[in-house]
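[1] Need a 3D model of the sequence below.
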Amino acid sequence: MTLLRAIACLALVMAGRPAAADGPRPRVIVSTDAGGTDYDDLQSLVHLFLHADEVEIEGMVSSPYGPGRARHIHDVIDVYARDIASLRRRSPDYPEPEALRRVTVQGATESAGPAGFGESTEGSRWIVECGRRPDPRPLWVLVWGGIDDLAQAVHDDPAIVPKLRVYFIGGPNKKWSPTAYDYLVCEHPGLWMIEANSTYRGWFVGGDQSGPWGNDSFVAEWVAGRGALGDYFATGIAFGGETRSRLKMGDTPSLAHLLHGRPDDPSHGSWGGAFVRAWDRERIVWRRLPTAADVVETFRVVELVLDSTTAASSPTASLDLDGQPCPGTRDPSGAWHFWFCPKESKEWRFSIASDDRAIDGVTGAFRSEPPPPDRGRQPSARHPHWWTDDPDPAVAEGPHQGAKTVSRFRREFLGEFADRLRELSELTGNAAER
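    Here you go, the predicted model:
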C-alpha cells in the first residue's frame with residue numbers, strides 16, 4: 001500500500017469513527033413528519049432504532065406538514081418491539097419500546113401562521129421540558145419535517161436556545177414552514193443550526209451505486225429478511241397506495257452527523273455532510289406581482305404582499321405555486337401576505353384563488369437560482385453558529401449543492417447499515433434456535 005493510499009484510508013476511518021464511542025451518548029429529539037408527505041421518514045426511523053443504543057432518545061415529535069401523526073411513529077416502534085429482545089443481546093443500551101412510546105408526542109398539525117409561532121403544542125412543550133433539564137450535554141434536535149414546533153418552543157422559552165444543537169433537513173421541508181423559519185432567523189440569530197437544504201440528498205443520490213449498492217438492489221440484497229425492522233423497510237412501508245422499498249432515508253444524515261465525525265464542527269465533514277457558515281439570507285419581500293425577470297436565491301424565503309380595498313367579512317385566499325398551496329393572510333390594512341420558499345432552481349409560476357375579487361385569478365412568475373460559489377466565503381456576522389450547504393461546484397451532485405460530501409461515503413454508511421441488519425438477523429436466528 002502506498003503512503004497516499006494509507007493516508008486516504010486513515011482519513012476514511014477517522015471520518016467514520018463513531019463520536020458516541022468517545023464520550024457520553026448524545027441527547028436527541030427527533031421532529032418528524034413521518035406518515036406525511038414522503039415515505040423516507042419511516043425508513044430513517046428504522047435506521048434510528050437500529051442505532052438507538054448510541055444515542056439517548058429523549059423525544060420524538062410528530063410535526064407538520066401533511067397527514068403524519070404520532071401514531072405513525074408508534075407503528076414503527078411496534079416493529080422495533082418485535083426485535084428488541086435480539087437487539088438487547090447486542091447492547092443493553094437499546095431503550096425499551098415502552099420508553100420510546102412515553103416520549104412520542106404530537107406536535108403542530110398545521111404550519112405556523114404569519115408570526116412564525118402560535119399556540120404551544122405537546123411537542124413544543126416537550127422540547128422546552130427537555131431543554132430545561134440540568135444536563136451538561138447539548139440537546140440535539142433533528143428536524144425531519146416542519147420546523148414549527150422548534151420555533152414555538154424557543155418562542156415560549158428563549159432560555160433554552162444556548163442548549164440546543166439543530167440539524168434541519170430543509171429543502172422541501174422548509175417550504176412548509178417559511179414563517180417559522182423566518183422567525184428563527186430574525187429573532188434567534190444565536191441559535192446553533194445546520195440547515196441542510198440539499199446536502200442530505202447525498203444519502204440517495206450519487207456515490208457508488210454499482211451492483212448491490214444501488215437504491216433498489218441494496219434493499220433486496222442487504223435489508224429484506226433481516227429482522228422485523230429489515231422486513232418493514234423492504235415491504236412494510238406503504239405510501240400513496242403503493243409499497244415503497246426504494247432506499248432514500250433522506251433524514252438519516254442528521255443522525256449520521258452525530259455518530260461519525262465531529263458533531264460540534266460542521267465544517268469538518270462526516271457521513272452527515274460538510275458545511276460552510278451561512279451567509280445573510282433575509283427574506284425577500286415583493287409588494288407587486290413578480291415576473292420571470294425577477295430572480296431569487298433557491299431556498300430563500302419570499303413574502304408577497306398585495307394590496308386590496310375589497311370589503312369582506314372573512315375573505316380567504318390561496319396561492320398555488322406549481323401545485324403547492326400557500327395560504328394567504330390579510331392584515332388590518334387589508335393587504336394580503338403570501339409566504340413561500342422555492343425548493344429547487346427553475347422558473348416558477350403561480351396563481352391566486354380568492355373570494356376577494358381584487359386578487360382572485362391574478363398570476364405571476366419568478367426564477368430561482370442557486371447561490372454562487374463565493375457565497376460560502378461570506379459568512380453572516382449576525383448568525384455565528386448557522387451552517388448550510390457548501391455552494392462549491394466541486395462538492396455538488398448535479399444540482400444538489402454539498403451532496404457529494406455525503407455520497408462519497410456511500411459504501412461506508414450503507415455497509416454499516418447492512419452490518420447492523422445482518423447482526424440483528426443472526427441474533428434473531430440464534431434466539432429462535434434456543
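[2] C-alpha from now on. contacts and neighbour counts both.
    OK.
[3] quick one: contacts for the nearest residue to Pro371 once chain neighbours are set aside?
    Nearest residue to Pro371, sequence neighbours excluded (Cα to Cα, 6 or more residues apart in numbering): Glu297, at 5.9 Å. Taking Cα atoms under 8 Å, 6 or more residues apart in numbering, we find Glu297 in contact with Ser368, Glu369, Pro370, Pro371.
[4] which residues of the stretch 301-434 of the chain fall in strands?
    Assigned by DSSP state E, counting those that start in this stretch, the strands in the stretch 301-434 of the chain fall at 302-306, 317-321, 324-327, 329-330, 336-340, 346-354, 363-369, 386-389.
[5] Kindly list the main-chain dihedrals of the residue nearest to Pro371?
    Main-chain torsions, Glu297, degrees, to the nearest 10: phi -70, psi 130.
[6] pull the CA atoms of the helix or strand encompassing Thr179 into PDB?
    Secondary structure assigned from DSSP states H and E places Thr179 in helix 178-187. The C-alpha trace of helix 178-187 is given here as PDB (Å, rounded to 0.1, in the frame of the first residue of the first chain):
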ATOM      1  CA  PRO A 178     -41.400  29.600   5.800                       C
ATOM      2  CA  THR A 179     -42.800  31.800   8.600                       C
ATOM      3  CA  ALA A 180     -41.400  29.600  11.400                       C
ATOM      4  CA  TYR A 181     -38.000  29.500   9.700                       C
ATOM      5  CA  ASP A 182     -38.100  33.300   9.200                       C
ATOM      6  CA  TYR A 183     -39.000  33.800  12.900                       C
ATOM      7  CA  LEU A 184     -35.900  31.800  13.900                       C
ATOM      8  CA  VAL A 185     -33.600  33.700  11.600                       C
ATOM      9  CA  CYS A 186     -34.900  37.100  12.700                       C
ATOM     10  CA  GLU A 187     -35.500  36.600  16.400                       C
END
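[7] pLDDT (mean, whole number) over it?
    The pLDDT scores in helix 178-187 average 97.
[8] thinking again about what came up before, so which of the contacts of Glu297 wins on neighbours?
    Using other Cα atoms under 10 Å as the neighbour criterion, Ser368 leads the contacts of Glu297 with 21 neighbours.
[9] doesn't Val301 make contact with that one?
    No: applying Cα atoms under 8 Å as the test, Ser368 and Val301 come out as separate, 11.1 Å apart.
[10] Now list whatever residues contact both of those two.
    Pro342.
[11] Now the residue minimising distance to the centre of the chain: phi and psi?
    Most central in the chain under Cα atoms, centre = their mean is Ile169, positioned 2.4 Å from the mean C-alpha point. When quoted as degrees, to the nearest 10, the phi and psi of Ile169 stand at phi -80, psi 90.
[12] pLDDT wise, what is it at?
    pLDDT for Ile169: 97.
[13] Contact partners for it?
    Counting by Cα under 8 Å, 6+ apart, Ile169 touches Leu142, Val143, Trp144, Gly145, Glu195, Ala196, Asn197, Tyr200, Asp251, Ser254.
[14] beta partners for it?
    When bridges are called by DSSP bridges, Ile169 pairs up with Ala196.
[15] separation between it and Ser44?
    Going from Ile169 to Ser44 by Cα to Cα, to the nearest Å gives 12 Å.
[16] tell me, what's touching those two both at once?
    Shared contacts of Ile169 and Ser44, defined by Cα under 8 Å, 6+ apart, comprise Asp251.
[17] For the closest residue to Tyr39 other than its chain neighbours, what are phi and psi?
    The shortest distance from Tyr39 to any non-neighbouring residue, by Cα to Cα, 6+ apart, is to Phe239 (6.1 Å). Backbone torsions of Phe239, given as degrees, to the nearest 10, read phi -150, psi 130.
[18] and Phe239, how many neighbours does it have?
    For Phe239, the count of nearby residues is 14 (other Cα under 10 Å).
[19] Go ahead and confirm it touches Leu42.
    No: taking Cα under 8 Å as the definition, Phe239 is not a contact partner of Leu42, at 10.2 Å.
[20] anything in contact with each of those two?
    Gly35.
[21] Local confidence estimate at Gly35?
    The model's pLDDT for Gly35 equals 85.
[22] should've said Thr428
    For Thr428, the model assigns a pLDDT of 89.
[23] likewise Arg281?
    The score at Arg281 is 89. That number is its pLDDT.
[24] what about it, is that helix, strand or coil?
    Here Arg281 is coil, with the state taken from DSSP: H, G, I helix; E, B strand; the rest coil.
[25] Not counting sequence-adjacent ones, nearest residue to it?
    In this structure, Arg281 finds its nearest non-sequential neighbour in Arg300, 6.7 Å apart by Cα to Cα, 6+ apart.
[26] looking at this, that neighbour is in a helix?
    No: looking at Arg300 with three-state DSSP, it is coil, so not inside a helix.
[27] Please work out which of the strands of the stretch 301-434 of the chain is packed deepest.
    Of all the strands of the stretch 301-434 of the chain, strand 386-389 has the most neighbours on average by mean count of other Cα atoms under 10 Å, namely a mean of 25.
[28] For it, name the packing helices and strands.
    Identification of packing neighbours for strand 386-389 by 3 or more Cα pairs under 8 Å, 6 or more residues apart in numbering; DSSP states H and E yields strand 193-196, strand 275-277.
[29] how far away is Leu255 from Gly131?
    Distance of Leu255 to Gly131, computed by Cα to Cα: 19 Å.
[30] Quick check: Leu142 touching Phe168?
    Yes: taking Cα under 8 Å as the definition, Leu142 is a contact partner of Phe168 at 6.1 Å.
[31] List of residues touching the helix holding Thr179?
    Identification of contacts with helix 178-187 by Cα under 8 Å, 6+ apart yields 112-117, 147-148, 151, 174, 191, 282-283, 301, 339-341.
[32] one more time with 7 Å
    112-117, 147-148, 151, 301, 339-341 (Cα atoms under 7 Å, 6 or more residues apart in numbering).
[33] Could you export the residues you listed as JSON lines, including pLDDT?
    Output for the contacts of helix 178-187, formatted as JSON lines (pLDDT from 0 to 100):
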{"residue": "Ala112", "pLDDT": "90"}
{"residue": "Gly113", "pLDDT": "90"}
{"residue": "Pro114", "pLDDT": "93"}
{"residue": "Ala115", "pLDDT": "95"}
{"residue": "Gly116", "pLDDT": "96"}
{"residue": "Phe117", "pLDDT": "96"}
{"residue": "Ile147", "pLDDT": "97"}
{"residue": "Asp148", "pLDDT": "97"}
{"residue": "Ala151", "pLDDT": "98"}
{"residue": "Val301", "pLDDT": "97"}
{"residue": "Trp339", "pLDDT": "97"}
{"residue": "Phe340", "pLDDT": "95"}
{"residue": "Cys341", "pLDDT": "96"}
